[in-house]
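Asker: Here is my input; please provide its structure:
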Amino acid sequence: MTTYPLPAAQLKGEGVTSQRARNRLVATLQDAGIRDPRVIEVIRTVPRHHFIDQALQLHAYENDALPIGHGQTISQPWVVARMTEALLEHFEGQKDMPRKVLEIGTGSGYQAAVLSALVGEVYTVERIEALLRQARRRFRQLGLTNLRSRYDDGKLGWPDEAPFDAIILTAAGDTIPNRILEQLNPTGVLVAPVGSPSRQNLIRMRGDGKGDFALEELGAVSFVPLLGGIG
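Answerer: Predicted structure coming up:
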């Protein structure tokens with residue numbers, strides 16, 4: 001097992017995980033419409049190959065979703081970048097970035113790691129214990145100190161730490177669970193995939209501070225289903 005923190009050479013990567021490979025990925029994302037320079041720089045910096053099995057690291061910096069076991073995937077880099085960008089856009093013109101962000105569905109830990117470089121604190125919930133153990137080890141290896149994780153039913157959110165300035169879901173349900181919406185700051189933002197396995201849309205819900213949320217559709221996506229319980 002790799003000890004932590006990771007050696008600098010392993011973080012930097014080489015060959016198919018080198019900085020050149022990351023730069024090619026960033027160029028692909030920019031061509032696909034990702035514009036926020038903060039998001040671009042984090043995608044360029046965070047070692048995605050660290051969040052997948054060694055056998056798949058050949059594909060780490062391709063713009064594809066990859067299996068991580070237990071019927072789950074690490075999201076396509078464009079999706080991670082777009083969801084992060086959509087979240088940050090809500091706070092444009094404000095003095096501070098979001099202080100507290102809740103993620104439902106830790107998975108590999110990659111989305112949480114990206115967020116951790118851009119917001120104050122990330123609270124991430126995962127229902128599959130084996131995946132959460134792996135993600136926690138990766139967070140320690142990368143020295144990410146503003147991340148807190150919880151093994152629980154993601155549909156319950158993290159009520160003890162509510163309200164959150166932003167919430168992001170990395171699995172798709174037919175609707176957003178009310179218990180999660182109740183944990184969002186009235187002026188906050190939620191970004192999530194919604195729909196059936198055959199047809200999903202990425203949505204953004206922005207709070208107006210008075211209890212109402214404006215809903216925007218951001219495009220078609222494909223995510224694993226949002227499930228309840230723990231496993």
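
Asker: average model confidence for the lengthiest strand in the chain?
Answerer: Using DSSP state E to define each element, the chain has its longest strand at strand 184-196. Per-region confidence: strand 184-196 scores 96 on mean pLDDT.

Asker: counting contacts, what elements does it pack onto?
Answerer: helix 77-89, strand 164-169, strand 199-207, strand 213-221 (3 or more C-beta pairs under 8 Å, 6 or more residues apart in numbering; DSSP states H and E). Glycine gets a C-beta too; all of them are placed from N, C-alpha and C.

Asker: Residue 184 and residue 218: what is the separation?
Answerer: Going from residue 184 to residue 218 by C-beta to C-beta, to the nearest Å gives 17 Å.

Asker: Hmm, I typed the wrong one, I wanted residue 119.
Answerer: Applying C-beta to C-beta to residue 119 and residue 218 gives a distance of 19 Å.

Asker: If you count surrounding residues, which of the two has more?
Answerer: It is residue 119, of residue 119 and residue 218, that has more neighbours when counted by other C-beta atoms under 10 Å, with 21 against 15.

Asker: Next up, the contacts around the more buried one.
Answerer: For residue 119, the contact set (C-beta atoms under 8 Å, 6 or more residues apart in numbering) comprises 97-101, 146, 165-166.

Asker: likewise residue 182?
Answerer: Counting by C-beta under 8 Å, 6+ apart, residue 182 has contacts 157, 162.

Asker: What are the buried residues along the longest strand of the chain?
Answerer: 184-185, 188-195 (16 or more other C-beta atoms under 10 Å).

Asker: Pull the contacting residues for the nearest residue to residue 213 once chain neighbours are set aside.
Answerer: With C-beta to C-beta, 6 or more residues apart in numbering as the criterion, residue 213 has its nearest non-adjacent residue at 4.3 Å, and that residue is residue 205. Going by C-beta under 8 Å, 6+ apart, residue 205 touches 176, 181, 184, 189-192, 213-216.

Asker: Can you name the helix or strand that the residue nearest to the spatial centre of the chain falls in?
Answerer: Residue closest to the mean C-alpha point of the chain, counted by C-alpha atoms, centre = their mean, is residue 111 at 2.6 Å. Using DSSP states H and E, the element containing residue 111 is helix 110-116.

Asker: ok so, going back, any idea how far the closest residue to the residue nearest to the centre of the chain other than its chain neighbours lies from residue 183?
Answerer: Closest residue to residue 111 apart from its sequence neighbours, by C-beta to C-beta, 6+ apart: residue 80 at 5.3 Å. According to C-beta to C-beta, residue 80 stands 22 Å off from residue 183.

Asker: go on, residue 94?
Answerer: 20 Å.

Asker: So for those two, which sits in the more crowded spot?
Answerer: residue 183 (22 against 10).
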